[in-house]
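J.: please find the sequence and the predicted model below.
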Amino acid sequence: MSSQDPDFPSYADRPNQRPGPQQPVPQQPRPQQSGTPGRPAPAAGQPLANGNGNRMAATAARTQSWAQQKLHQLSLHARVTLLAAVAVGLAVAFVSLAAYLTVRQQMYRNLDDSLIQRSSAAAKSGVITNPDLMQSVRPEWLGLTDIRMGLLAADGSTLVGPRSYTPPIGPAELTVASSPENSDASIRTAGSPNNQHYRVIAIPLGDDTALVVAQSLDPIDHTLHNLGIVLWAVGLLGVIGAALAGNAVAASGLRPLARLTGAAEHIARTEELQPIPVTGSDEISRLAQAFNAMLAALARSQDRQRRLVGDAGHELRTPLTSIRTNLDLLAQADKRGGLRPEDRQQLLDDVRAQMDELTTLIGDLTELARDTPQVRNAELIELANVVEDAVIKVRRRAPGLEWDVQLAPFPVWGDERLLGRAVTNLLDNAAKYSVPEDATARPDGQPVGRVTVRLLDGVLTVTDSGPGIAEADLPHVFERFYRSSEARSRPGSGLGLAIVKHAAEQHGGMIYARNAPGAGAQFTLWLPHAATQTR
């Protein structure tokens, strides 16, 4: 009998519109695209104007820039909390999606297996495949189940089954009906006009007929709907819990960083370089230790600056006082009629000497005040040439000395000006103490002292013929403004050897002093070879 199901009208009721298994479904004509007023419509195959694409790209770029700006404005605490919430949210979303799809696929698979087994068994029994028996089935008998069934002819004109409970029919079922008995069955999901979903299976029976069975998917849809609600609830609770946990972790983990920040702000406000208490061995503790090391270095630098300023003030006061006294004497003498020419010349020579000493002192102070940890603009220089130039310069200032010089080539990386200043200070110091205080030029032209200079394998040794250095003064000869009791009667600022030590440390070398085995003081300067230095 023909089906009169209002939900699924049979193809026999509309023979002129039935698409057969090989008959394509007619395509609906596309509406014509008309251009906007004043703008022609794009031709077929021509892409749309780039204006819309450019505007969309610009909008996306502005949105991304705004999001990045807002993210950078968040505090570290807020970022950690947001990161934890987002990470857990993404993890929960992936797990929930995987669980939902797995359950959905498994439920559909179980339903398909059940439908195939039941339909195959029914088809083999021949009970429901009898058209007479199928017509005798009352519709109300199937009203207690969620099953729809019927017998479909290959031409689609006949669908035998309980009226109002016939299954949905489509091209897949018509194809199976026209197939041999041992062909594969078809299974698909179909909808109905009353918004119900069915899982439809068609089993070929031969003789251009097929058994079509459809089972409602409402129980599965209901279960999946409930599962989706549960997964959404669990995901939301997981995100909220992750945000709370992230907030707690951020508050606990960033508490040491907050203390470190407060201590740094206190130091910046009060300039009290007190170290910060450190507990633990995590990254924040290492940061606090590095901060304490920086504070210690800053405190040492400030201490050196204070000592330098104090010592410089003390040393500058002496030549300035002497210059002021001499100028006052000169002014008072001019009011009384002036000094004798020889006295005036002696006074001016004294002022000039004090000015030279003040100039040297200021230059030494400028060199030491830089306090740079290393040579910045290093270049490859020949140390032997630097020593030779320094010897020539000092020899002019001390003509009454004998100079014993032996130099071997030795390349180093460094500052030629600073090394020249250091070597010159060493030679000046040796020349000054090699000449006795009461020494006078000999009539026969013999030297009154001797300076020995050796440069072998990067070791510069300068030995004078003076009285040597007292054992109590040896540990302090390289300190700033330190002058032994023997040196106070001689000119100098007490900064020459300090500059030598400063230059040696900047070039990765060292300097030490001792008394020579015979007589006099011996200073040894060692510098690394250029091949072993890093620039």
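T.: Received, thanks.
J.: need the three-state assignment for Thr189.
T.: Following DSSP: H, G, I helix; E, B strand; the rest coil, we place Thr189 in the strand state.
J.: for the closest residue to it other than its chain neighbours, report the pLDDT, please.
T.: Closest residue to Thr189 apart from its sequence neighbours, by C-beta to C-beta, 6 or more residues apart in numbering: Arg199 at 5.8 Å. No exception for glycine: its C-beta is placed from N, CA and C like everyone else's. On pLDDT, Arg199 comes in at 88.
J.: just Ala98 next, same as before
T.: So, for Ala98, pLDDT stands at 92.
J.: buried ones in stretch 496-514?
T.: 496-504, 506-509, 511, 513 (16 or more other C-beta atoms under 10 Å).
J.: nearest to Phe523, of those residues?
T.: Closest approach between the buried residues of stretch 496-514 and Phe523, by C-beta to C-beta: Ala513, at 5.1 Å.
J.: quick one: strands adjacent to the helix or strand where that closest one lies?
T.: According to DSSP states H and E, Ala513 maps onto strand 510-515. Using DSSP bridges, strand 510-515 pairs in its sheet with strand 521-526 (antiparallel).
J.: who touches the partner strand?
T.: 422-423, 426, 429-430, 433, 458-464, 466, 468-469, 497, 500, 504, 509-516 (C-beta atoms under 8 Å, 6 or more residues apart in numbering).
J.: only the buried residues of it, if you could.
T.: Quick answer for strand 521-526 (16+ other C-beta under 10 Å): 521-526.
J.: just put those residues in TSV and tack on pLDDT and distance to Phe291.
T.: Compiled in TSV, the buried residues of strand 521-526 are given as follows (pLDDT from 0 to 100; distance: C-beta to C-beta, whole Å):
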residue	pLDDT	distance to Phe291
Ala521	88	43
Gln522	90	44
Phe523	92	39
Thr524	93	39
Leu525	94	36
Trp526	93	35
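J.: now the residues you listed as a markdown table including distance to Ala242?
T.: Below are those laid out as a markdown table (distance: C-beta to C-beta, whole Å):
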| residue | distance to Ala242 |
| --- | --- |
| Ala521 | 74 |
| Gln522 | 73 |
| Phe523 | 69 |
| Thr524 | 67 |
| Leu525 | 65 |
| Trp526 | 62 |
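J.: the helices in the stretch 51-200 of the chain, which residues?
T.: 76-125, 131-136, 139-142, 171-177 (DSSP state H, counting those that start in this stretch).
J.: can you tell which of the ones you listed is closest to Thr270?
T.: helix 76-125 (25.1 Å).
J.: so what secondary structure elements neighbour the closest one?
T.: strand 186-191, strand 197-206, strand 209-216, helix 218-253 (3 or more C-beta pairs under 8 Å, 6 or more residues apart in numbering; DSSP states H and E).
J.: show the average pLDDT along the last one.
T.: Throughout helix 218-253, pLDDT has a mean value of 86.
J.: following that helix, which helix or strand comes up?
T.: helix 255-270.
J.: from the chain's centroid, how far away is that next one?
T.: Relative to the chain's own centre, helix 255-270 is displaced by 23 Å; criterion: C-alpha atoms, centre = their mean, to the nearest Å.
J.: list the buried ones in stretch 388-398?
T.: 388, 390-391, 394, 398.
J.: possible to save the residues you listed as a markdown table with distance to Pro319, secondary structure and pLDDT?
T.: As requested, the buried residues of stretch 388-398 are exported to a markdown table (distance: C-beta to C-beta, whole Å; DSSP: H, G, I helix; E, B strand; the rest coil; pLDDT from 0 to 100):
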| residue | distance to Pro319 | secondary structure | pLDDT |
| --- | --- | --- | --- |
| Glu388 | 32 | helix | 93 |
| Ala390 | 25 | helix | 90 |
| Val391 | 28 | helix | 92 |
| Val394 | 22 | helix | 86 |
| Ala398 | 22 | coil | 79 |
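J.: and these, which is closest to Ala98?
T.: Nearest to Ala98 among the buried residues of stretch 388-398 is Ala390, at 80.4 Å by C-beta to C-beta.
J.: touching, the closest one and Leu419? I think so.
T.: No: here Ala390 does not reach Leu419: they are 9.1 Å apart, not a contact under C-beta atoms under 8 Å.
J.: before we move on, back to that, max pairwise distance over the buried residues of stretch 496-514: which two?
T.: Between any two of these (C-beta to C-beta), the greatest distance is 21.1 Å, for Gly496 and Gly508.
J.: His344 touches Asp334, doesn't it?
T.: Residue 344: Arg, not His. No: taking C-beta under 8 Å as the definition, Arg344 is not a contact partner of Asp334, at 9.4 Å.
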